[in-house]
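Chemist: Okay, here's the prediction I keep looking at, along with the sequence it came from:
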Amino acid sequence: TRNSELKKKKKNGKKEDTTALKELVELARRPKNQLQPQGVIVAVFESKHSAVNIGYILPFEADYQETDMHALFRPVDQRTTLAVLHIAEVISALGLPSSGPERLSRLRDALSHKLCSVMLLPWQARNRKPYARFLRVIGEAGDVEAETKALLEQNHVDDIEFGPEITASLPTHDYTISEHEIAVRRDLRYLRIFTIDPVTARDMDDALSCVPLDDGNFEVGVHIADVSHFLLPGTPLDKLAAERSTSVYLVQRVIRMLPAILSEDLCSINPGVDRLAFSVMWKLSPTGKVLSEWFGKTVIHSCSKMNYEVAQCIIDGKVKDDWSGCPADYVKPALGPFGAVTIPDLVKDVLNMNTIALRLREARFENGAMALNSTRLWFKLDEEGLPVSVHAYEIKDSNRLVEELMLLANLRVAHRICSVFPTTSLLRLHPAPLERGVTQLAEFCERHGFGVIDSGSSKALGASIAAAQAAAQATGLAKEVVEHFAIKPMQLARYFCSGTLPQEQWRHYALNFDAYTHFTSPIRRYPDLIVHRLLQCCCTIPDGQPAAAVAETAALLKQAELERVCEHCNDRKLASRRAQEASGKVFLCCLLQRHAETVPGVVVHLAAKYMGVLLLQYGFEVKIFYEDLPLNFLKYEDGAEVSKKQDEQEQRKRQKEKQDPRVVLWWPRSPGDHLHNVIEKCRKQLEFYFADVNLVRDKFLQSVPLCGNCKSW
């Protein structure tokens, strides 16, 4: 972009300072043995980070003078620098007395162990640290609710209740489907349709059906809640849903994208009631081959709210004529079945769908798909909402059954909307893994004798990772360690507008699909709602009418606007993921604080001051600092044995010896470049090596002669 701008300006006869560009080229030509790659920022096109930060105000002395009325703010996010606060502003924001001998001690007590919210101000070049404006005290550090509020604010998750101005246009709870609406849809209420979800789910947005045909094939249906019927484009609720973009699932609650009247009632496919749906119906062979398909709006009636545990009991052969073979905790009244459906009917449908799902999964992996699943923690809470136990959530065949049919629906819908709207379809791609990370994975596996990692294709990579996991288990090392290294180079999938990328870049790497989208969860994902609107236009285009005219009538998003929506949805999905992970860690810390336990870990990383340890039971890496370990003595590679105290002295000595040459690198390169100017320019770099820049000046400038012109160093 920079080169193109320079060329344009040269054509116009205008001159421009190309210093930054020359610096960038110079750094790019550094020797190949340079350990740390470097670069120069030449432009900032868009600022996405937020100025709001969550953290703690560090303790300060209560006898500050008037000229020292500042405090330091330490963010929870360690990637963010310390910031400076004006104590007077904090006192005013908290409503404390602004004068008197006790004002600072009262302020110190009010902020002790408190999570606070501040807004970073523009960082002035003359300041060593940025200034910030105090916003509010969130709550006591370590308190579950305060920590939850903090992580929501940190990730900008809107948890404000939906106001009446937003929900005014929605139907009430006694809404019934009109006869006219039924007449313009395909009536599927005669089919055995049921949901399979987590036992605690309250927003069921997908249901399944499976009917054996006389020719040995199956009619399989995926039925998705028709949210687009209630949520029209451009309405206040549609704008708010687009802004939220996704539901956020915390350990103890859900921050929903849509109001409860939609997400838990009118759109949720609850058993025993009629619901509006958008269905995908296939004629499938027993091996899962699609023989024919149909897309369209329907009316359905669910006969059972099944959960994954009950479905797994059916697959395992524990259910025949009643639910007695299932754990009592999972047999709920909503399980039913309702109407004339019997339990043997449901058993037959689940088993048929599981057989098809196994064939679909087998074919998908043969075609090059790969799967890497990170550990998900599942907490059991008491009546007060505090954790009493935790375990890793296990993915079983019942989960895979639903997954395979949802993947097939998303794949087929992607092909359908792209065939009609090739430049304005909302799709989802997954880039190939980062080359550097794959190289590190290959080196790790080779170093430990786990085989060779082949990254030529997703199929080859998946197969070699599986082989490495098996080899790791054979040597007594948990396969999760290999999976931990394999997940690191994987990039995040993202939404995009089909017209912004060439078709060869649409591919979803992990699934190995040439085109993919999200269609199956419109209650909790806004992109799915856009896809529903696209698919509805595809299904209703009259013969001979151009697709562009229908898109205009249906108020579909144009390419530029759709790309902006995709970017926003990507940002919100990442923020949602971070909030969910942070929520899990908050509850895990709360649980371990009440019930500490010893768990196995594997050292996966060694640094100068800490080691990275993978906790196998919880699936994430923690840092353990050497200084916190109860060491009595340690050995160096040369065999020398020293005590911990002696080691600290030795480390300081070695650190000092290593730092001196680093400072010499900043020696002036030309007579006009005075040494004191160089030190001022490199103040921040020098801080990493010396606590005080004066130490550097005193140590290195004693032998430097004064400048003949300005009589300075």
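Modeler: Cool, got the structure.

Chemist: Need the contact partners of stretch 488-499.
Modeler: 372, 418, 421-438, 440-441, 506, 508, 510, 518, 527, 559, 562-563, 566, 569-570, 574 (CB atoms under 8 Å, 6 or more residues apart in numbering). All C-beta atoms are positioned from the backbone trio N, CA, C, and that covers glycine.

Chemist: Please narrow those residues to those residing in helices.
Modeler: Among these, the residues falling in helices (DSSP state H) are 418, 435-438, 440-441, 527, 559, 562-563, 566, 569-570, 574.

Chemist: quick check, nearest of these to A334?
Modeler: P527 (28.9 Å; CB to CB).

Chemist: so what pLDDT did the closest one get?
Modeler: Listed pLDDT for P527 reads 97.

Chemist: got it, and A168?
Modeler: So, for A168, pLDDT stands at 85.

Chemist: for K8, same thing?
Modeler: Looking at K8, the pLDDT reads 47.

Chemist: do the same with I255
Modeler: On the pLDDT scale, I255 gets 95.

Chemist: what about I193, neighbour count?
Modeler: 26 (other CB atoms under 10 Å).

Chemist: and V693, what pLDDT?
Modeler: pLDDT, V693: 39.

Chemist: likewise D660?
Modeler: At D660, the pLDDT value in this model is 36.

Chemist: what's the answer for A71, then?
Modeler: Confidence score, pLDDT, at A71: 87.

Chemist: Checking my notes, it in a helix, right?
Modeler: No: per DSSP: H, G, I helix; E, B strand; the rest coil, A71 lies outside any helix segment and is strand.

Chemist: Tell me where the stretch 201-350 of the chain has strands.
Modeler: For the stretch 201-350 of the chain, applying DSSP state E, counting those that start in this stretch gives strands covering 206-212, 218-225, 248-249, 254-255, 274-284, 290-307.

Chemist: Quick check: which helices or strands does the third one pack against?
Modeler: I take that to be strand 248-249. Under the contact definition 3 or more CB pairs under 8 Å, 6 or more residues apart in numbering; DSSP states H and E, strand 248-249 sits against helix 559-594.

Chemist: just the second one next, same as before
Modeler: Identification of packing neighbours for strand 218-225 by 3+ CB pairs under 8 Å, 6+ apart yields strand 206-212, strand 274-284, helix 343-366, helix 397-420.

Chemist: For the ones you listed, state which one has the densest average packing.
Modeler: Compared across the helices and strands packed on strand 218-225, strand 274-284 shows the largest average neighbour count, a mean of 22 (mean count of other CB atoms under 10 Å).

Chemist: What pairs with that strand, parallel or antiparallel?
Modeler: Using DSSP bridges, the strands paired with strand 274-284 are strand 218-225 (antiparallel), strand 290-307 (antiparallel).

Chemist: Tabulate those strands (JSON lines), appending mean pLDDT, distance to V402 and mean neighbour count.
Modeler: Formatted as JSON lines, the strands paired with strand 274-284 follow (pLDDT from 0 to 100; distance: least, CB to CB, whole Å; neighbours: other CB atoms under 10 Å):
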{"stretch": "strand 218-225", "mean pLDDT": "97", "distance to V402": "9", "mean neighbour count": "25"}
{"stretch": "strand 290-307", "mean pLDDT": "96", "distance to V402": "10", "mean neighbour count": "21"}
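
Chemist: Reformat those strands as TSV; add distance to K585.
Modeler: As requested, these are exported to TSV (distance: least, CB to CB, whole Å):
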stretch	distance to K585
strand 218-225	32
strand 290-307	26
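
Chemist: quick one: low-confidence parts of this protein?
Modeler: Across the chain, the ranges flagged by pLDDT under 70 are 1-37, 48-49, 60-68, 100-101, 543-544, 553, 630-713.

Chemist: what residues are up against I91?
Modeler: P97, S98, R103, L107.

Chemist: and if you look at F134?
Modeler: Counting by CB under 8 Å, 6+ apart, the residues that F134 touches are L85, E89, V90, A93, C116, V118.

Chemist: same thing with H301?
Modeler: R189, I193, G272, V273, D274, R275, G339.

Chemist: switch the cut-off to 7 Å
Modeler: Contacts for H301 were tallied using CB atoms under 7 Å, 6 or more residues apart in numbering; they are R189, I193, D274.

Chemist: Kindly state the beta-bridge partners for it.
Modeler: As assigned using DSSP bridges, the partners bridged with H301 are D274.

Chemist: Could you number the chain from 58 rather than 1 from now on?
Modeler: New numbering, starting at 58: the last item is H358.

Chemist: From P328, how far off is it?
Modeler: 9 Å (CB to CB, to the nearest Å).

Chemist: Same question for V337.
Modeler: 21 Å.

Chemist: coming back round to it: any chance of the contacts of I148 in JSON lines, with neighbour count, secondary structure and distance to H237 too?
Modeler: Formatted as JSON lines, those follow (neighbours: other CB atoms under 10 Å; DSSP: H, G, I helix; E, B strand; the rest coil; distance: CB to CB, whole Å):
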{"residue": "P154", "neighbour count": "10", "secondary structure": "coil", "distance to H237": "68"}
{"residue": "S155", "neighbour count": "9", "secondary structure": "coil", "distance to H237": "67"}
{"residue": "R160", "neighbour count": "16", "secondary structure": "helix", "distance to H237": "70"}
{"residue": "L164", "neighbour count": "20", "secondary structure": "helix", "distance to H237": "66"}
